[in-house]
Structure formats: structure tokens, C-alpha cells
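**Student:** the following comprises the amino acid sequence and a computationally predicted model.
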There are 2 protein chains.
Amino acid sequence: MRSEHTRILLAHGSGGRLTHELVETLFKPAFSNPALNVLDDAAVIAVPGHGSLAFTTDAFVVKPLFFPGGDIGRLSICGTVNDLAMKGAVAHSIAIAAIIEEGLEIGVLRSVVRSISSACCEAGVRIVTGDTKVVEKGKADGLFLTTSGVGSIAKGINVAGSRARPGDRILINGSVADHGMAVLTARNDFKLKSAIKSDCAPLNRLVGRIFEQSKEVHVLRDPTRGGVATTLNEIAAASNVGIIIDEALVPVRPDVRAACNILGIDPLYVANEGKLLCVLPEKVADKVLACMKKDRLGVDSRSIGEVVGSPRGVWLKTRAGGLRPLLMLEGEQLPRIC
Amino acid sequence: MRSEHTRILLAHGSGGRLTHELVETLFKPAFSNPALNVLDDAAVIAVPGHGSLAFTTDAFVVKPLFFPGGDIGRLSICGTVNDLAMKGAVAHSIAIAAIIEEGLEIGVLRSVVRSISSACCEAGVRIVTGDTKVVEKGKADGLFLTTSGVGSIAKGINVAGSRARPGDRILINGSVADHGMAVLTARNDFKLKSAIKSDCAPLNRLVGRIFEQSKEVHVLRDPTRGGVATTLNEIAAASNVGIIIDEALVPVRPDVRAACNILGIDPLYVANEGKLLCVLPEKVADKVLACMKKDRLGVDSRSIGEVVGSPRGVWLKTRAGGLRPLLMLEGEQLPRIC
């Protein structure tokens, strides 16, 4: 931990540089083991006598609880299903723990429960266990949910943040920054009226289609906190490669771009909740891209860049033709987006 | 939900009657499936091609974060290991999600992490994945942890809250109410000076010894929130039987009893974090009890009661010789004990 920080800052939860610092200097040394050290969205665990499973957990503290295109309930199920899907695992069972602030309207809880139930149905998963804690008024913010999930990894699938190779192509299944900007504008702090909807969706069926087409995928990641830029930095670092993204090819919806421009936010650093980055060999890229486009959640899929041996790090080929470094998120751009 | 409650009360998180009402009227109807409906401490999931696994999750909101005998870190690992052990599962992998209040001292987090690490070592489990979220100052209370765990269930083991049978004996591995009273007196709201230490401990090795001795155990439960009385009520209801406990046989440490008396609290309703209730056929009870006593965490084990066909419900044979009903916890006796 850099010595100037003696207290936790919001940025320690940003998913960006300070989160990484916390993980690398505090959590990883204390808990070190092969399954943890991979630091992907989910861990692969070899349960004795049970083969390989993926196991994941995520806390959700989004504010407000309801936003266009979703709510904390839908978000928590999609987040967990997607983390499992990013390991090539078929989500199976979900556990959910709620921390509720005393005084929350039961009607609010009922709406969130309905939304969890419908997201489970959409994704084809089930809640198998849970826990409820209540804390005094003022000691939490309405409702926090933590969802954990277990899924099975089919034979022959091996995706990891460390497997990107020079020559690989990078695909994305649609426009970026929808989720973060939907939540941000829903807060109404900026008095921005917008029709931006979160992209929050379970990606397991899309991932199923991808693997039906090819098992040669190297990396799958959902660019949530910290956005596409931070996720690509994680992949580049884990794989010890460079990544070049073509700015003109990254899809951003016009209303999202407008809101980003007004607020001075780079859409490449904004959280997505229904997007995936697929890094795969050039030779299967077109075939996989074509099949992604056939999925409801992949209609706008496209190739946005490539993996190179050098330069290392992540680079943006700008519209003007230059290359600028795309660093990991610094500080906290949008707190409590998920 | 009873119509008079339109908002969440602290008692909805007590583990007692209102928690059950919330689960039965809101969560169970919305999420209903065979694995969930059992409502034991952990779910048993049949992962396709992977056999039977136990899966559990728990949120920890204990206040204060540090108390005699433990802290939120040790508590969260023991809680999860124990929930798995209560399904006869060998704990294997743990996932941990932290919700941190902005401004928490990093030194505090460091102590909790050390404690998690040492509890993992003691229990023989590992943290395989995690998540960190930070919320603004005043929107949480220092630190909340949610731990989830996966474990393997060995062949031939079948324990469930619904399997208690008339004639079964009820064993406990030591004194009750230590954890709850340790946390309560640590808060210092009552200006009670005490040396009461939490019993917080991983019970997986003790459970291993029990199953080595006999696989005929019917029910294992750890009497946490709501205490022995509430857990026995859950077992009696799930098994559709009666349970009679002998008050004189339930071990309570003198200092714990004194604190309970001063505060007007019944130790049978106070949370434990290193105790288990073992319901098993009379014919193997003495053998299992003798082996429990050989374990470091079972030295004070004893038989405290029996399962009967009637009367239904849970009854306390008092020192005076009468029977009084031992109901499920009403209201919230001790908020934020775990």
C-alpha cells in the first residue's frame, strides 16, 4: 500500500488502480493460493472428486436501487451469471445475501425480489441459499446485495486473462458505457434528462453460442467497473502483451456519448453490465463474430482491436491517426455504479 | 407478510420469527426450488456431472468489529466453514466480498485480513475469489463481509433439519451464549466489565470426528442467531416432532449466566459461533458423545435432551420439574451479533 493512504478512499472500490493496489498489497499476500492468484472474475476450483467448477462472488451497492433498464436485483444476478460465463462456466446455483437498512419499505424489497426472480428465469439459474441481515437506520444505504455463484466448466474450455496472444483479435458485443451513464443520470445530481438505459443482461447464452462456434477463445471478460480501458489493461498485464484499440470502431450510442461529453467522462472508463470482450485467434474471429451477431445481445458485435507483442500496455488508435496510451482507471470516476 | 409491517425492522434480521416470516412469505415463494426450500444452513446442489456439493452464504455485520475471542474476519470464516460442516460437507473454497465505509483505517482492514488468513489456516480452507466495494462515509458501518463457501459431501452422509426422529438424542459440544454475550459486553453500552470470550471456532474437524464414529447422525445445526431455542424450533418444525430439553443439563458458564441475569436475557436465545447441536439415534449417542469429548472443541460435550413424537414443538424441562414451551425468538434481542 502506498504510504500516503492510511484510510480507505472511495477510489479503493473503483475497480481501477487503487483497487488493484489493495488486492496486490493486502489481499493477495495474505490469502495467496493458485486459484486466487489468477484474479479473474471467477475462480476455477478443482473440488476433490468433482472436476472443475467456477466460483464467484460480488457485492452490489448501486445507487439508486432502481435505474432505467434494471435495478440492484437484476444487476446482482446478471453480474454473477456473467462472471461465471467469463470463465466459460455454465451458471448453475446462486446464493444471495442481503444487508438491509432498518426502515426500508417492504414494497421496495418486494420489487427487488421480483426482479431477481425474473432475472434468474431469463438466465436459467436458481437461488439455492441466502442470508438476511438488518442494520440500524443510517448504518447502510437501503439495501446491499452480495451474490455468489457456482457453475460447471465444460471440457476443452480454457479461458483466462493471461491467455491473450499477439495476433489475437478483440471483439465486443455492442455499445459501451450504457450501464454507468444510465445509473449516473438516474441519480439526477446533474439534472440531466436522458433516456439512457442500462445494458444489464445475462450473457451466458451468448457465451454458449461463442463456444458452440469455437472453443479456441483465449480470454472472455465483462468490462464492468473501470470500463473497457481498465479490463483491457488487466488482460494486457496478465498476458504480458500489448493491446491496440481503434477508437473509431468502439461503438458508443449517441445519447451516451453526449452525456459523457457534457460530464467530461471517457466512455471507455464507464461500467458495462451486458458487454463482453472476447479475445481470440484471428483465424476463428470472423466465424465467431458472425455467430455473436445472431444473438439478441450481440446484434451490434464488432471487432475493435488486436493484441500485439509490442508495445506493451493498452493503446488507443485515435481518429486523428495517432496512438495514445489507455491507462488503468485512476481515482474514482463514478462511485456506486454496481 | 403480516400487514402491520410495511417497513423492515431490526427484528427481520434477528434469525427469529420475523426473519422466518420474511423468508416464508417473500423469498421462498419468489425463488422456490427443491434445493432452496430445505432452508438449512447450506444448500445441497447436484452439479451436473459433479455429484453433490454444499453451497452457503452469510453476511456479517457484527458490531464492534473486534471483540474478545474474535473479530468480523474470524467470524465470517468460521460461520461459513460451520454452515458447510452442518451439511456434513468438507469445506473447500471460500469467496469473500467486502463492503467498506470510506474512511476506514487501512490498519483495521489489515488486522481483519490477518485474522481471516489465520482462521482459514486453522480450518484448512482457502479464499479463492473476492470482491471489494467502497461506499461513502455514513453509508455503511466500517466494514461488512459476506462469505460464501463450497464443500464436498462424502457418500453415505445425509443430514438435514427434517430428519430428527422420536427417540433421537440431542448433543451439544459445550456451553451456550458465549458469543452473543461477548459481543454485547464488548459494546460497552451497559458498562459491564467482563472476561467473556466468544466461542467463535471452525467446527469442521469436530464434525469429521463425529462422522468417523457414525454416519447415522440425523441433524447437525449450529445455533447462531436466535440461539439454541430458535434452532431447535426450526428442527422440530422441519421434522414435525417434539423436542424436550433439560434446563439443568444445558451448560452455561457462570460469568455468561451472570451477565444474562443482569440484562434479563435467556442464554438459550443467545447466538453461539462455535457450538453444534447433533441429533442422532439413541443407539449411537454415547459412542459419538465420547468421541466428541476427545476434540479440543468438544471437551464439555453433553446430552441435553431428546426428540419425542408428542407434544410437538420445543419444551424445556425446568429445574422445578415442569415443562415450559421454548418458542422461536420474538423480536430482536441482540442486533448485529454476527
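**Tutor:** The structure has been received and is ready for your questions. Residues are numbered from 1 along each chain as shown, chains lettered A, B, ... in the order given.

**Student:** tell me the SS of the closest residue to A:L232 other than its chain neighbours?
**Tutor:** Spatial nearest neighbour of A:L232, chain neighbours left out: A:V314 (4.6 Å); criterion: CB to CB, 6 or more residues apart in numbering or on different chains. The way it works is simple: take the backbone N, C-alpha and C, and place the C-beta from them, glycine included. Reduced to three states with DSSP: H, G, I helix; E, B strand; the rest coil, the structure at A:V314 is strand.

**Student:** give the bridge partners for A:V314, please.
**Tutor:** A:I243 (DSSP bridges).

**Student:** can you pull the contacts of it?
**Tutor:** Going by CB atoms under 8 Å, 6 or more residues apart in numbering or on different chains, A:V314 touches A:A229, A:L232, A:N233, A:A236, A:G242, A:I243, A:I244, A:I245, A:P325, A:L326, A:L327.

**Student:** can we see that at 7 Å?
**Tutor:** When contacts are counted by CB atoms under 7 Å, 6 or more residues apart in numbering or on different chains, A:V314 touches A:A229, A:L232, A:N233, A:A236, A:I243, A:L326.

**Student:** from memory A:H218 sits against A:L280, does it?
**Tutor:** Yes. With contacts defined as CB atoms under 7 Å, A:H218 counts as touching A:L280 at a distance of 5.7 Å.

**Student:** need the overlap of contacts for these two.
**Tutor:** With CB under 7 Å, 6+ apart, A:H218 and A:L280 have common neighbours A:D168.

**Student:** which one of those two has more residues nearby?
**Tutor:** A:L280 (27 against 21; other CB atoms under 10 Å in any protein chain shown).

**Student:** per-residue pLDDT, the more buried one?
**Tutor:** Looking at A:L280, its pLDDT stands at 98.

**Student:** so what's it bridging to?
**Tutor:** Beta-bridge partners, per DSSP bridges, of A:L280: A:R169.

**Student:** separation between it and chain B?
**Tutor:** In this view, A:L280 and chain B are 24 Å apart by CB to the nearest CB, to the nearest Å.

**Student:** with A:L263 instead?
**Tutor:** From A:L263 to chain B the distance is 19 Å (CB to the nearest CB).

**Student:** secondary structure class of A:L297, three-state.
**Tutor:** Look at A:L297: counting by three-state DSSP, its state is coil.

**Student:** the spatially closest residue to it that is not a sequence neighbour: how many residues sit nearby?
**Tutor:** Nearest residue to A:L297, sequence neighbours excluded (CB to CB, 6+ apart): A:L206, at 5.0 Å. Neighbours of A:L206 under the rule other CB under 10 Å: 23.

**Student:** which ones are touching A:L206?
**Tutor:** A:L206 touches A:N173, A:M292, A:D295, A:L297, A:G298, counting by CB under 7 Å, 6+ apart.

**Student:** repeat for A:D178
**Tutor:** Shown in contact with A:D178 (CB under 7 Å, 6+ apart): A:I196, A:K197, A:S198, A:D199, A:R253, A:V256, A:N272.

**Student:** list the residues that contact the last one.
**Tutor:** With contacts defined as CB under 7 Å, 6+ apart, A:N272 is in contact with A:V176, A:A177, A:D178, A:H179, A:D199, A:D222, A:P223, A:T224, A:G227.

**Student:** buried ones in the helix or strand containing A:E306?
**Tutor:** A:E306 is part of strand A:302-308, with elements assigned from DSSP states H and E. Residues of strand A:302-308 classed as buried: A:R302, A:S303, A:I304, A:G305, A:E306, A:V307, A:V308 (neighbour count, 16 or more other CB atoms under 10 Å in any protein chain shown).

**Student:** would you confirm that the fifth one contacts A:I244?
**Tutor:** So that's A:E306. Yes. A:E306 is within contact range of A:I244, at 5.8 Å (criterion: CB under 7 Å).

**Student:** hang on, the earlier thing: near chain B, from the buried residues of strand A:302-308?
**Tutor:** Applying CB under 7 Å from any CB of the partner chain to the buried residues of strand A:302-308, one finds that nothing falls near chain B.

**Student:** look through the stretch 51-200 of chain A and state the residue closest to chain B.
**Tutor:** The stretch 51-200 of chain A approaches chain B most closely through A:V134 (3.0 Å), counting by CB to the nearest CB.

**Student:** that residue bridge partners, please.
**Tutor:** Beta-bridge partners of A:V134, counted by DSSP bridges, are A:I100.

**Student:** so it sits against A:L104, correct?
**Tutor:** No. Here A:V134 does not reach A:L104: they are 8.5 Å apart, not a contact under CB under 7 Å.

**Student:** give the residues shared as contacts by the two.
**Tutor:** B:I8.

**Student:** pick out whichever of those two has more residues nearby.
**Tutor:** Set A:V134 next to A:L104 and count neighbours by other CB under 10 Å: A:V134 wins out with 28 against 22.

**Student:** can you map out the helices along the stretch 201-338 of chain A?
**Tutor:** Using DSSP state H, counting those that start in this stretch, the helices of the stretch 201-338 of chain A run over A:204-213, A:227-239, A:254-263, A:282-293.

**Student:** just these: most buried one?
**Tutor:** Across the helices of the stretch 201-338 of chain A, averaging neighbours per residue (mean count of other CB atoms under 10 Å in any protein chain shown) puts helix A:227-239 on top, at a mean of 24.

**Student:** report the angle between it and strand A:302-308.
**Tutor:** If you take axes from the mean of the first three to the mean of the last three CA atoms, to 10 degrees, helix A:227-239 sits at 30 degrees to strand A:302-308.

**Student:** now whatever helix or strand A:L145 lives in: buried residues?
**Tutor:** Assigned by DSSP H and E, A:L145 belongs to strand A:143-153. Neighbour-count burial for strand A:143-153, counted by 16+ other CB under 10 Å, picks out A:L143, A:F144, A:L145, A:T146, A:T147, A:S148, A:G149, A:V150, A:G151, A:S152, A:I153.

**Student:** averaged pLDDT, that strand. What do you get?
**Tutor:** For strand A:143-153, the mean pLDDT works out to 95.

**Student:** so, low pLDDT: which residues of the stretch 151-300 of chain A?
**Tutor:** Low-confidence segments of the stretch 151-300 of chain A (pLDDT under 70): A:192.

**Student:** quick one: name the residues of it near chain B.
**Tutor:** So the stretch 151-300 of chain A meets chain B at A:S152 (CB under 7 Å from any CB).

**Student:** how does it look with 10 Å?
**Tutor:** For the stretch 151-300 of chain A, the contact set with chain B under CB under 10 Å from any CB of the partner chain comprises A:G151, A:S152, A:I153, A:A154, A:K155, A:R225.

**Student:** residues contacting the third one?
**Tutor:** Meaning A:I153. Contacts were defined as CB atoms under 10 Å, 6 or more residues apart in numbering or on different chains; by that measure A:I153 touches A:42, A:44-45, A:51-54, A:84, A:87-90, A:159, B:50.

**Student:** domain-wise, how is chain A divided?
**Tutor:** For chain A, automatic domain parsing gives the domain ranges A:10-153, A:169-325.

**Student:** please name whichever of these is nearest to B:I100.
**Tutor:** Ranking those by distance to B:I100, with CB to CB as the measure, places domain A:10-153 first at 6.8 Å.

**Student:** now the closest one, how far from the chain's geometric center?
**Tutor:** Mean-position distance between domain A:10-153 and its chain equals 11 Å (CA atoms, centre = their mean, to the nearest Å).

**Student:** need the strands for the stretch 51-200 of chain A, in chain order.
**Tutor:** Assigned by DSSP state E, counting those that start in this stretch, the strands in the stretch 51-200 of chain A fall at A:51-60, A:66-67, A:70-71, A:89-101, A:126-135, A:143-153, A:169-172.
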